[in-house]
Structures are given as C-alpha cells and as structure tokens.
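Asker: Here's my sequence, what's the structure:
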Amino acid sequence: MVDALQEARRTLDANGTLVDLRPAICRPDIEVLTSNQTIVVGAVDDSSAAGDSKAADAAIRRGLAAGWFVSRCNSEFDFEHYWDSVSEMTSYLGSRRHPMFVLPSAAEVQKAYDAMAAANEAVRLRCRWRVMLNFYLLL
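Answerer: Numbers count the residues shown, from 1 in each chain. Below is the predicted model of the structure:
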C-alpha cells in the first residue's frame, strides 16, 4: 500500500487530492424488507478484509507522517446493497475479493426470508455497509 501511495504521489498534480474510499469493517446487519416492515435476520462477516484495511490505514499514517499528504476531509456514510433472493446475496458475498459469509448461516436467513415472503408480495434483502471517505491534499 505504501508503494501505491508513492505512485499516487508521483502522478498527482501539485495540490492534487488523493481520495481514499473503502468500506469500513463493520459486520453489517442483513435485513428482510417488505413494504411495511424491516426485520434483522443475520449479519455479514466481512472480517476477511480486515488485514487489507489495517494495512491501508497504516500506509496512510506513514504517508501523513512523511509529509506526503495532509488530511483535508474525513467522513463516513452508509452504502446500501439490495438483493431479491438469498442466493443472489450469497453469490454476491462470495464473489468479493475477500469473500464474506452470512451469520448465523444462509439457511437461517433463507428461513426468515421465506416466512416473510409467505405473508407479503414483495420481499427484498438489504445490507448497509459503513463506507469511509477521506481526502488528502498532496504537499
């Protein structure tokens, strides 16, 4: 990651801005949604990405300490993912660079989803990840 920051520093114009946009490691809830109800039915274990996130944080700290960049703005926001089925959700989670897993299990989430679907016409799944957005000014 430090090498990537050095390359970013090399290619940025004077007073250029480095944007650090990435999901926070947060074990987000899995919710089943209907038109009038939201129920938490599980969570996503996204801890397999923790090592990369810690490495990125450390690289940014080193870049700041070396005087390459100065922090300009830091914020966080929620980013929502929606799926129409449990299989669609698990396929998406398994396709990530760092695979993510359903807690307690996809089968348990499927049971809750099926129960809600039996009583409602439109049922979807949602997961809200916390996303970090940081801007650094090149010095």
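Asker: got the contact list for the residue positioned nearest the centre of the chain?
Answerer: With distances taken as C-alpha atoms, centre = their mean, Pro23 lies nearest the centre of the chain, 3.2 Å away. Pro23 makes contact with Asp46, Ala49, Phe79, Trp129, Arg130, Val131, Met132, according to C-beta atoms under 8 Å, 6 or more residues apart in numbering. In this view, the C-beta of every residue, glycine as well, is placed from N, C-alpha and C.
Asker: Per-residue confidence, the last one, what does it come out as?
Answerer: The predicted local distance difference test score for Met132 is 96.
Asker: Now for the contacts of Pro23: which two are most distant?
Answerer: Ala49 and Phe79 (14.4 Å; C-beta to C-beta).
Asker: more crowded one of these two?
Answerer: Set side by side, Ala49 and Phe79 show more neighbours around Ala49, with 18 against 12, by other C-beta atoms under 10 Å.
Asker: And for the more buried one, nearest residue in space, chain neighbours not counted?
Answerer: Take Ala49 and drop its neighbours on the chain: the residue closest to it by C-beta to C-beta, 6 or more residues apart in numbering is His98, 4.0 Å away.
Asker: Let me know how buried the one you found is, in neighbour terms.
Answerer: 13.
Asker: repeat for Pro104
Answerer: By other C-beta under 10 Å, neighbour count at Pro104 equals 10.
Asker: Mind listing the residues bridging to the nearest residue to it once chain neighbours are set aside?
Answerer: Excluding the flanking residues, the one nearest Pro104 by C-beta to C-beta, 6+ apart is Gly42, at 6.3 Å. Beta-bridge partners for Gly42, by DSSP bridges, are Ile30.
Asker: for the helix or strand of the chain with the lowest mean pLDDT, which positions count as buried?
Answerer: Of all helical and strand segments in the chain, the minimum by mean pLDDT, DSSP states H and E falls on helix 2-11, at a mean of 82. If you call a residue buried by 16 or more other C-beta atoms under 10 Å, then helix 2-11 has these buried ones: Leu5, Ala8, Arg9.
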